[in-house]
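Peer 1: Everything below, folded, please.
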Amino acid sequence: MAEYGIILAGGFATRLRPLSYTKPKPLFPVLGKPVIDWIIEKVVEIAEPVISARYLSSMIRSHVASKWGGRVRIVEEDRPLGDGGAVVNVVKSLGVKGAITVANGDVFTDISIKDVWEFHKRKGAAVTIALVEVPPEEVSRFGIALLEDDGRIARFVEKPKEPVGSNLANAGVYIFEPEAVAEFPEPNAGELKIARHIIPRLMEKFDIYGYVHKGLWFDIGTHIDYLKANFAALDKCGSCRPAAPSGVKIIPPVYIGEDVAIGPGSVVGPYAVIGRGSKLGPSVRIKESVLMDGVVAEAGAYIAKSIIGDVVVLGRWTRAVEAVIADGVYVRDEIYVGKGAAIGPNREVDQDVKDGEVLP
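Peer 2: Numbering: from 1, shown residues only. Sure thing, here's the model as predicted:
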């Protein structure tokens, strides 16, 4: 097996603001479980997990300590290093000598890293990259690989500006043998990127193979992608269909966390995720939305196609439609939060928020 499984969790998650002002992206929950826990569960099958963290690293450290104890190490970056620089930093910090697997800690996927490892060994590869099919119109967002019939990567293009004859995208899971790690360039004053600086260098020396994953894969880098990840998980999770409390209508698929209270006359779903400890009053309507932990939605609140952060309080007859409300916000009674609106953390909202308006 690999010596270490390096999980990259240092990014700023700027596209997820204002939610990410108070929560690092690896701690964003999918069906109530932080994304990084989904990744650790896969990495631990083949290697000792090591997390490379920087932004809000104290929150990541606290969560990992409470959930995983000493089974998971954390190496902190002293400055932004890029994903490649973060890998080099871990390798040097821990004196790594063996093979490593690397995984992005902010991607939700059901990929089996153990299966990637077994494919890698069957091929006798020095480097393997996991790949996933993306819609043709989205190839410019990712590194794209063109495969030979035997699985070798013939060409790798980072964020192509025009079609390259493939829609197989870099899924953010890698395996590197020691001889490949030895060829990593030294970080300079800037950031070192795996796809831009390391893979092209390694392709000059080694055959690199691509493992094609056919299941779930979501880069949760935007609010829409984060909702899609939760909804896809709901579709797959047959055990997430809760029994309806008395007087409450549940329209599956729905996930309801522990210690959630829902008042009579409420309708929840389809595609609703309710975080643990949340309290929904009577006649509340929730659909196509994610509510994180400890949300209070008082009588008559209506939430659709929205993301609601931790410990948000939504007053009576509030409406949030295609909105993002960050942690700790109090929205007063009868307030409308418009389409595309975003509210920053820890503030009180006492007047309507217009469509597209951003309250920092």
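Peer 1: burial measure for S58, as a count.
Peer 2: S58 has 10 neighbours, counted by other CB atoms under 10 Å. Backbone N, C-alpha and C define where each C-beta goes, glycine included.
Peer 1: mean confidence for the helix or strand hosting it?
Peer 2: According to DSSP states H and E, S58 maps onto helix 57-68. Averaged across helix 57-68, pLDDT comes to 95.
Peer 1: Show me what that helix is packed up against.
Peer 2: In terms of contacts (3 or more CB pairs under 8 Å, 6 or more residues apart in numbering; DSSP states H and E), helix 57-68 is packed against helix 35-43, strand 48-53, strand 73-76.
Peer 1: how about a cut-off of 10 Å?
Peer 2: strand 4-9, strand 33-34, helix 35-43, strand 48-53, strand 73-76 (3 or more CB pairs under 10 Å, 6 or more residues apart in numbering; DSSP states H and E).
Peer 1: Send over the last one as CSV, restricted to the C-alpha atoms.
Peer 2: Output of strand 73-76 as CSV, limited to C-alpha atoms (Å, rounded to 0.1, in the frame of the first residue of the first chain):
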residue,chain,number,x,y,z
ARG,A,73,-1.9,13.8,10.8
ILE,A,74,-2.0,17.5,9.9
VAL,A,75,0.8,19.5,8.3
GLU,A,76,0.2,23.2,8.1
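Peer 1: ok, back up a step: point out the most buried one among the helices and strands packed on helix 57-68.
Peer 2: Highest mean neighbour count among the helices and strands packed on helix 57-68 (mean count of other CB atoms under 10 Å): strand 4-9, with a mean of 27.
Peer 1: contact partners of the helix or strand that it is followed by?
Peer 2: Next helix or strand after strand 4-9 toward the C-terminus (DSSP H and E): strand 29-30. Contact with strand 29-30 is made by 23, 35, 37-38, 108, 216, 218, 220, 226, 229-234, 255, 257, 273, 275-276, 290, 292-293, 310, as judged by CB atoms under 10 Å, 6 or more residues apart in numbering.
Peer 1: Just the buried subset of those, written out for PyMOL, thanks.
Peer 2: Applying 16 or more other CB atoms under 10 Å to the contacts of strand 29-30, the buried members can be selected in PyMOL as follows:
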select buried, resi 23+35+37+38+108+216+218+220+226+229+230+231+232+233+234+255+257+273+275+290+292+293+310
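Peer 1: Which of the contacts of strand 29-30 fall in strands?
Peer 2: Judged by DSSP state E, strands contain the following of the contacts of strand 29-30: 108, 218, 255, 273, 290.
Peer 1: Of all pairs in these, which one spans the longest distance?
Peer 2: The span of these, defined through CB to CB, is set by F218 and Y255 at 15.9 Å.
Peer 1: Could you tell me the end-to-end distance of stretch 285-293?
Peer 2: End-to-end distance for stretch 285-293, by CA to CA, to the nearest Å: 17 Å.
Peer 1: Show me how far that stretch is from its chain's centre.
Peer 2: Chain-centre distance of stretch 285-293: 18 Å, with CA atoms, centre = their mean, to the nearest Å.
Peer 1: any idea of the mean pLDDT in it?
Peer 2: What stretch 285-293 shows for mean pLDDT is 98.
Peer 1: do the same with stretch 11-29
Peer 2: 94.
Peer 1: what about that stretch, distance to the chain center?
Peer 2: The answer for stretch 11-29 is 9 Å, by CA atoms, centre = their mean.
Peer 1: What of stretch 227-241?
Peer 2: With CA atoms, centre = their mean, you get 14 Å for stretch 227-241.
Peer 1: then that stretch to CSV, C-alphas only?
Peer 2: This file holds the C-alpha atoms of stretch 227-241, laid out as CSV (Å, rounded to 0.1, in the frame of the first residue of the first chain):
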residue,chain,number,x,y,z
LEU,A,227,-26.2,21.9,-4.0
LYS,A,228,-25.8,19.4,-6.8
ALA,A,229,-23.4,17.3,-4.7
ASN,A,230,-25.9,17.0,-1.9
PHE,A,231,-28.8,16.2,-4.3
ALA,A,232,-26.8,13.5,-6.1
ALA,A,233,-25.9,12.0,-2.7
LEU,A,234,-29.6,12.1,-1.8
ASP,A,235,-30.4,10.2,-5.0
LYS,A,236,-27.9,7.5,-4.1
CYS,A,237,-28.7,7.2,-0.4
GLY,A,238,-31.6,4.8,0.0
SER,A,239,-31.4,5.0,3.8
CYS,A,240,-31.8,8.7,4.0
ARG,A,241,-35.6,8.7,3.6
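Peer 1: hmm, who's touching that stretch?
Peer 2: For stretch 227-241, the surrounding residues in contact (CB under 10 Å, 6+ apart) are 28-33, 35, 38, 107-110, 215-220, 222, 250, 252-256, 269-273, 288-290, 305-307, 322, 324.
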